[in-house]
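Chemist: Quick one, structure for this:
(one chain, ligands or ions: 1)
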Amino acid sequence: MLYMIGLGLAYPTDITVRGLEAVKKCKKVFLEAYTSILMAADKESLEQLYGKEVILADRELVESGSDKILEDAKDEDVAFLVVGDVFGATTHTDLVIRARELGIKVECIHNASVMNAVGACGLQLYKFGQAVSIVFFTDSWRPDSFYDKIMENRRIGLHTLLLLDIKVKEPDFKELMKGHLVYEPPRYMSVAQCCEELLEVEEKRKEGAYTPETPCVAVSRLGGATQAFKAATLKQLSEYDAGEPLHSVVMLGHQVHDLELEYLLEFSDDKEAFKAAVAKDQKLFEKEEKEEKTA
Ligand SMILES: C[S@@+](CC[C@H](N)C(=O)[O-])C[C@H]1O[C@@H](n2cnc3c(N)ncnc32)[C@H](O)[C@@H]1O
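Modeler: Prediction:
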């Protein structure tokens, strides 16, 4: 049996009771360690709680060497631990498909994910559109496909959750060219970096998906002891220091309910200015909406 177990967002004890019981009976325990991090835990603290060894599974092992994970699951119980929820990252459906192909039974034990805990900022989960991933730009690679998805969400008034790039075990290409396999230190994209990239892409595309004044919420260390939110404009957040990782950003859609706004104002430095930014942003797609209604 392959147990796919969500660990929740921060602490070793965020695992559910059923998840912990499953881990305790598994012969091998793999921890997926590249799409997110458990903020208040490490391999050792998990091993102490579970009373057994935890094997770190990097991207290479999960995506190319999954046979190693599935090998034992044919005859024994194996746990595959995912920070957040099992299906909070797109990657893990693939492992379930391969297990099914091999005739291995799979049981999923769910947990909180950034995808639902983000409701703690006050925006209603029912009013979120497609989530998008924002990757680190390099000198030669500045992908902007997220822009079209944000535009689609914003046209119909929905909020957009922006998940930010993390690089936990990336080979250093300069060293690789010299024949040495050396990994770069871990990097986590910050709220400010994300917002700078968004501003750069709007500047390039000029299609009006958003403006520097568009209201957003910075979401930091969700579920941890120092969880924090900041409601401000995109431009203001491009200069905001959100502190330690992990960070996400939500861009508001124009369907902002009064209760959502009331909740968000607690997180803004200047309530009147934020309210005005929301009111101004709501007008951005007004013309298109009227045209659609009369068509
Ligand atoms: C690919 S997603 C993986 C989500 C995870 N499997 C889950 O279900 O929560 C990773 C990204 O989600 C966001 N994220 C995850 N946990 C977070 C947290 N506790 N606080 C803020 N952002 C978080 C960050 O942008 C991070 O880079």
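Chemist: any idea where the helices of the stretch 101-250 of the chain begin and end?
Modeler: 114-117, 146-155, 173-177, 191-205, 234-237 (DSSP state H, counting those that start in this stretch).
Chemist: need the least confident one among those, by mean pLDDT.
Modeler: The weakest mean pLDDT among these belongs to helix 173-177, with a mean of 78.
Chemist: thinking again about what came up before, mind checking which of the helices of the stretch 101-250 of the chain is nearest the ligand?
Modeler: helix 114-117 (3.7 Å; Cβ to the nearest ligand atom). For glycine as for every other residue, the C-beta is placed from the backbone atoms N, C-alpha and C.
Chemist: So the closest one, near the ligand or not?
Modeler: Yes - applying Cβ under 6 Å from any ligand atom, one finds that helix 114-117 is in contact with the ligand at 114-115.
Chemist: Name the nearest residue to the residue nearest the centre of the chain, ignoring sequence neighbours.
Modeler: By Cα atoms, centre = their mean, the chain has its centre lying nearest to residue 163, at 3.9 Å. Using Cβ to Cβ, 6 or more residues apart in numbering and skipping residues adjacent in sequence, the residue nearest residue 163 is residue 133, 5.1 Å away.
Chemist: Pretty sure the one you found sits against residue 146.
Modeler: Yes - with contact defined as Cβ atoms under 8 Å, residue 133 reaches residue 146; the gap is 6.9 Å.
Chemist: okay, and the common contacts of these two?
Modeler: Shared contacts of residue 133 and residue 146 (Cβ atoms under 8 Å, 6 or more residues apart in numbering): residue 162.
Chemist: Tell me which of these two has more neighbours.
Modeler: Neighbours per residue (other Cβ atoms under 10 Å) separate residue 133 from residue 146, with residue 146 holding more: 21 against 15.
Chemist: That one contacts residue 131, doesn't it?
Modeler: No - with contact defined as Cβ under 8 Å, residue 146 does not reach residue 131; the gap is 9.8 Å.
Chemist: Now do the shared contacts for these two.
Modeler: With Cβ under 8 Å, 6+ apart as the test, residue 146 and residue 131 both reach residue 162.
Chemist: hmm, back to that, give the contact list for the residue nearest to residue 163.
Modeler: Contacts of residue 133 (Cβ under 8 Å, 6+ apart): 146, 162-165.
Chemist: And it, how far from residue 60?
Modeler: Distance, residue 133 to residue 60, using Cβ to Cβ, to the nearest Å: 20 Å.
Chemist: Spell out which parts of the stretch 51-200 of the chain neighbour the ligand.
Modeler: 82-85, 88-89, 113-115, 163-164, 166.
Chemist: what about the closest residue to residue 219 other than its chain neighbours, how many residues close to it?
Modeler: The spatially closest residue to residue 219, leaving aside those adjacent along the chain, is residue 248, at 4.4 Å (Cβ to Cβ, 6+ apart). Residue 248 has 25 neighbours, counted by other Cβ under 10 Å.
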